[in-house]
Structures are given as C-alpha cells and as structure tokens.
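Student: 3D, please:
(chains A, B, C and D)
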2 protein chains.
Amino acid sequence: MELGDPVLAACGEPAFDPLVGEDCAGTLTIAEAAAATGVSTHTLRYYERVGLMRDPVARATSQHRRYSADDIRWVTFLTRLRMTGMPIREMARYARLASAGEGNEADRLALLTEHRRRVLERLDEVQRNLAAIDKKIAVYQERIDR
Amino acid sequence: MELGDPVLAACGEPAFDPLVGEDCAGTLTIAEAAAATGVSTHTLRYYERVGLMRDPVARATSQHRRYSADDIRWVTFLTRLRMTGMPIREMARYARLASAGEGNEADRLALLTEHRRRVLERLDEVQRNLAAIDKKIAVYQERIDR
DNA sequence: CTAGGACCTGGAGCGCACTCCAAGTCAAAG
DNA sequence: CTTTGACTTGGAGTGCGCTCCAGGTCCTAG
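Tutor: This next block holds a predicted model:
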C-alpha cells in the first residue's frame, strides 16, 4: 500500500499530526479511513453515494478521497447507528438533518431518541427470547449429564 | 376464512380440544398456524421448504397442511432462534439434528450454547454502541434546553 | 352446475446492505 | 517511456429472508 497520495504525500502518513502542511493536514486516504473505522473501502464509497456523508468527502487533485478527522468521527458514529440496527434510509435522513446546519437539533434529537427507544425494545425482545432458549439448553444439559 | 378443511371440518376449530375426532385431533390449518405463531403462511411454507420442520408437516386428504401442537411449539422455538439472529442455515442444521432422533443431544446443546454465546456478545456490542448514542442524545438535549 | 375460498406447487421477485467488476486516471519509481 | 498500484466511476452481482404470482385442486354453498 502506498502512503498517501503522491501529490499530498507529505501529510499522508502520521494521521492527525498537527505539524504537517496546510492543505491536507491530518487527512486519510480511503484505505486509511477504512482501517480507522473498520468498514471496507467499498462501504465508504457506498455510504457517500447514498448520502450518508452530509457533504461529499474532500478530494485531492487526483480526485482521490481525503477523509478529515471529522469525517472519521462521523463514519464512526454511523457505524454505531448501523450496529444498533438503524436502516440506511434513516441514517440518510439523519445525515440530511446534520448537513442542514443549526436549527434542527430538535429533529435530530427526536430521531435519535426514537431510535434509542426501538433499540431498547429490541434488546428486551432478544433477552426474552434468549431466556426461552436458555431453558432449552438447561433441558439438554440435564438430559446429557443425568 | 373457512374453519378447517371440509374433510376434517369437525376438528378444525377448537384448537387442541381433546374431545374431537381421532385423525385430526387438535390440528391447525396453515392460516391458523400462522395466527398461532405470528409468522405468515408464506413463511410457514418457506420454512418447510428449506428444511426447518424436521419432518414434512402432515397433510389432510386434500393435501392441505395440518399443524400439530408439536409443530406449533417447534415453529415457536424457531421464531426465538430467528429473533435472536440465528441464520436460517444454522436453524436447518439444528432441525436436522432434531429430526435424527436421540443420540445427538450433545451436538444440539453445543449448537445452542454457541448461539447463546454469540447472542450475548452481540447484546453487549449493541449496548456499548447505544451508550455512545446516548451521549450524543445528551449533547443535543443540553444544546436545546440550555 | 357454478361460484367462492382456502389451500396447493414451482418458481419469480423484492428490499436491504453491501460487494465486486471493468475500464480508466494519476503520480512516482525503474 | 513504461510499469505499478492505489485510487476513480457507473453499474452489475450477491446473499439473505422472505414475499408474491400463476395456475391448479378440492370441497361446500347457492
């Protein structure tokens, strides 16, 4: 793997190092962003395509994507929404609200709060079902070491 | 909706009533089974097709399915596995073990125990991610009613 | 005898969230 | 100048778990 883009090579490597040049300070290539967030480069492009990135990710002169520290934080938050089961559609809605700037904080709060409610509901449901499975496990356990 | 199959109409309705005739005592039509288990008739046929039913469901002379109380319990358990995130493939594996009869209880136990482990892992992951989302919620809350 | 309704079958279609492909660009190294 | 390799794009393909469709059977009611 190359380290950063040739044009901006000076800042490609030590991520978020405050001592590097202006233009590309602390930016990451898509491969680095993938490593940093735990999602594939495919998925990073896909997320941008379907409108999850608020604004399009910055580009080097080579058209290669340059992820800022803020982008990385945003993607990380997106993964939290995904891992708690939020559909892409709703994440896109949240991204649109976030990109609209200040003034819709109440909407964003409502969206997250409603999501939280559903997650807790689902957690509870899973726990109840798991309890039933546990009983079955206990039955097998008894039947085996009887 | 008709109540039971014409041929076996005598036993279609009062589900699991011990006083009805021999052949079809306490059996349910697919629609009744769907109502009893909370899955669609489509899904009930699909589950049978992909081998989740241990043995094919019994049929009336009309070839219509007749679900026994045991079938209903089995489907109910299947739904618990599904709702805790077990893939159909693995449910099919469990069904094959169960249909093989006695002697593989250790395998079934291992399968369920491993599933349980993954579910707990996943629950924990969801909870951790939810905690991060909760922090974001708190930030919005503070920003709104400041 | 006809119509209606629940059911049957094999197979096609769908929504989701990726995941991959083909063809092309760009910049540094050989 | 050519090669290399990480990237770009639009679009096609994949796996999962259903969900639906067309054409047919069967039985009761009118």
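
Student: For the nearest residue to A:G38 once chain neighbours are set aside, which three-state class applies?
Tutor: Counting by Cβ to Cβ, 6 or more residues apart in numbering or on different chains, A:G38 lies nearest to A:T79, which is 6.7 Å off, once chain neighbours are set aside. Where you see a C-beta, it was placed from the backbone N, CA and C, and this is true even at glycine. Secondary structure of A:T79, reduced to three states by DSSP: H, G, I helix; E, B strand; the rest coil: helix.

Student: where do the strands sit along chain A?
Tutor: With DSSP state E, the ranges of strands along chain A come out as A:58-59, A:65-66.

Student: Please identify the deepest-packed of the ones you listed.
Tutor: By mean neighbour count, with neighbours taken as mean count of other Cβ atoms under 10 Å in any protein chain shown, strand A:65-66 ranks first of the strands of chain A at a mean of 24.

Student: hmm, who's touching that one?
Tutor: Under the criterion Cβ atoms under 8 Å, 6 or more residues apart in numbering or on different chains, residues A:5, A:8, A:24, A:27-30, A:33, A:44-45, A:48, A:57-60 lie in contact with strand A:65-66.

Student: Just give me the least confident of these.
Tutor: The member of the contacts of strand A:65-66 with the lowest model confidence is A:L8, at 47 (criterion: pLDDT).

Student: domains of chain A?
Tutor: Residue ranges of the domains in chain A are recorded as A:1-84, A:102-146, according to automatic domain parsing.

Student: re earlier: which of the contacts of strand A:65-66 come close to DNA strand D?
Tutor: The subset of those within reach of DNA strand D, counting by Cβ under 7 Å from any atom of the strand, consists of A:29-30, A:45, A:59.

Student: can you list these in JSON lines and add distance to A:M86?
Tutor: JSON lines is the format used below for those (distance: Cβ to Cβ, whole Å):
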{"residue": "A:T29", "distance to A:M86": "27"}
{"residue": "A:I30", "distance to A:M86": "23"}
{"residue": "A:R45", "distance to A:M86": "20"}
{"residue": "A:R59", "distance to A:M86": "28"}
